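*Asks:* got a predicted model here, sequence first, then my questions.
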Amino acid sequence: MNNKQLLFSMIDKLAADDLEQVYQHVKQRRQVISLHTATGTHHSIPETEEREPAESIREEVNAVIDDAITNVRRNRETQEIAQAKS
């Protein structure tokens with residue numbers, strides 16, 4: 001208990017930036033502990049066959065981006081044609 005009191009008093013003396021670093025460290029540590037507690041010894045990253053949905057999502061996102069690029073190009077071409085006619 002004496003060590004905790006010493007730790008608490010040291011934390012109380014920290015500057016705001018240092019206190020934020022300690023807070024972020026404790027927060028990250030708690031997340032790691034809760035992850036290990038929740039998953040036990042299981043891997044947090046799914047196996048390869050379970051990663052396939054991520055690939056399909058990536059393909060969908062790429063398709064949306066491609067469509068957006070195509071639309072921007074069409075709009076730009078339309079503007080250039082309109083300016084050329086003016």
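*Replies:* On my side now, so go ahead. It should be emphasised that the depicted structure is a prediction, and the values quoted were computed from it without experimental measurement.

*Asks:* so for the host helix or strand of residue 57, mean pLDDT?
*Replies:* Applying DSSP states H and E as the criterion places residue 57 in helix 52-85. Helix 52-85 shows a mean pLDDT of 83 in the predicted model.

*Asks:* helices or strands up against it?
*Replies:* Helix 52-85 sits against no helix or strand, with contacts defined as 3 or more C-beta pairs under 8 Å, 6 or more residues apart in numbering; DSSP states H and E. No exception for glycine: its C-beta is placed from N, CA and C like everyone else's.

*Asks:* residue 22 - how many residues pack around it?
*Replies:* 14 (other C-beta atoms under 10 Å).

*Asks:* sorry, slip of the keys, the one I care about is residue 11.
*Replies:* Quick note: residue 11 (other C-beta under 10 Å) scores 13 neighbours.

*Asks:* same for the helix or strand containing residue 23, what does it pack against?
*Replies:* Assigned by DSSP H and E, residue 23 falls within helix 16-39. If contacts are counted by 3+ C-beta pairs under 8 Å, 6+ apart, helix 16-39 sits against no helix or strand.

*Asks:* how far does that helix sit from the chain's center?
*Replies:* 16 Å (C-alpha atoms, centre = their mean, to the nearest Å).

*Asks:* kindly export that helix (C-alpha atoms) in CSV.
*Replies:* What follows is helix 16-39, C-alpha atoms only, in CSV (Å, rounded to 0.1, in the frame of the first residue of the first chain):
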residue,chain,number,x,y,z
ALA,A,16,-0.5,18.4,-17.4
ASP,A,17,1.4,16.9,-20.5
ASP,A,18,3.0,14.2,-18.4
LEU,A,19,-0.3,13.4,-16.7
GLU,A,20,-1.9,13.0,-20.1
GLN,A,21,0.9,10.6,-21.2
VAL,A,22,0.4,8.5,-18.0
TYR,A,23,-3.4,8.5,-18.6
GLN,A,24,-3.0,7.3,-22.2
HIS,A,25,-0.6,4.6,-21.0
VAL,A,26,-3.0,3.4,-18.3
LYS,A,27,-5.9,3.5,-20.8
GLN,A,28,-4.0,1.5,-23.3
ARG,A,29,-2.9,-1.0,-20.7
ARG,A,30,-6.5,-1.5,-19.5
GLN,A,31,-7.6,-2.2,-23.1
VAL,A,32,-4.9,-4.8,-23.5
ILE,A,33,-5.8,-6.4,-20.2
SER,A,34,-9.6,-6.4,-21.1
LEU,A,35,-8.8,-7.8,-24.5
HIS,A,36,-6.7,-10.7,-23.0
THR,A,37,-9.4,-11.3,-20.4
ALA,A,38,-12.2,-11.3,-23.0
THR,A,39,-10.5,-13.5,-25.6
